[in-house]
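[1] Just to be clear, the model below is a prediction. Sequence and coordinates:
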Amino acid sequence: MQEKTRHGIPAAESTMAFGDYLTYWLATIAPQRLKPSTLNSYEGLTRQYIRPALGKKRLNRLSPADVRRFLAEFRDSCLCCLRGADQERPEGKRACCAVGRCCKRRPSARTVQYIHAVLRSSLQQAIREELIARNVARIVETPTVARKEVRPLDAAEARLMLKTARSHRLYALWLLLVSTGLQRGEALASTTLRAAADRMDDALGLDESEEESSGEQGPDTEE
């Protein structure tokens, strides 16, 4: 081990703090391998959640049990409480841990997967640099997240929503999504949103004359 160190090869039993290693990885390695948007997400997740929980742990002491416990606790925790976000709000708008109750805003399945991906990717690089002998994050499975059942709008609610949003700049997109069931990416790829919206207006009876005669107007759309 001493011979490797003299030749500039990192020792396999590194005592670097995991938080310090993450800082190094995000600054020097990740920008070369990740898209800017992904890198930005990884930096935020590391700063807000990973480093506070695991940052003081020595890199060579990080175990599968540490990773499994962290992921399970993260999955079951309130994001507001973890970030201290409620404490930063004005006193009159605090509604979570800062006032002694929890809003129970749990992480999504995708966020849990991203957190796990940060751990796997960073530790894999540590193996390449011979800082550790194994990637403990790859041993641990991503914990499952219970998905909340989404209740779609019924016909009356959909008509009311579309009528209220009639003057909004994204009205054509919303109408297309509600009327066809397209995925967001499919709808955004359409080059005939306005024409499709006009045809669907006729089909649903959402013409402008009805709106004018009722005296109803859409919301103020200034942003």
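    Looks like it arrived, so ask away.

[2] just for the chain, where's the confidence low?
    1-13, 146-150, 183-223 (pLDDT under 70).

[3] Where do the helices of it begin and end?
    2-6, 18-24, 30-33, 36-45, 51-54, 64-75, 79-83, 109-128, 136-139, 155-164, 171-180, 184-188, 193-204, 208-214 (DSSP state H).

[4] With respect to E91, which of those lies nearest?
    Among those, helix 79-83 comes nearest to E91, with 15.4 Å by C-beta to C-beta. Where you see a C-beta, it was placed from the backbone N, CA and C, and this is true even at glycine.

[5] hang on, the earlier thing: could you dump the helices of the chain into JSON lines with mean neighbour count and distance to C96 added?
    Below are the helices of the chain laid out as JSON lines (neighbours: other C-beta atoms under 10 Å; distance: least, C-beta to C-beta, whole Å):
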{"stretch": "helix 2-6", "mean neighbour count": "9", "distance to C96": "48"}
{"stretch": "helix 18-24", "mean neighbour count": "19", "distance to C96": "26"}
{"stretch": "helix 30-33", "mean neighbour count": "12", "distance to C96": "31"}
{"stretch": "helix 36-45", "mean neighbour count": "14", "distance to C96": "19"}
{"stretch": "helix 51-54", "mean neighbour count": "17", "distance to C96": "17"}
{"stretch": "helix 64-75", "mean neighbour count": "17", "distance to C96": "17"}
{"stretch": "helix 79-83", "mean neighbour count": "18", "distance to C96": "4"}
{"stretch": "helix 109-128", "mean neighbour count": "18", "distance to C96": "18"}
{"stretch": "helix 136-139", "mean neighbour count": "18", "distance to C96": "29"}
{"stretch": "helix 155-164", "mean neighbour count": "14", "distance to C96": "29"}
{"stretch": "helix 171-180", "mean neighbour count": "18", "distance to C96": "30"}
{"stretch": "helix 184-188", "mean neighbour count": "12", "distance to C96": "29"}
{"stretch": "helix 193-204", "mean neighbour count": "14", "distance to C96": "39"}
{"stretch": "helix 208-214", "mean neighbour count": "10", "distance to C96": "40"}
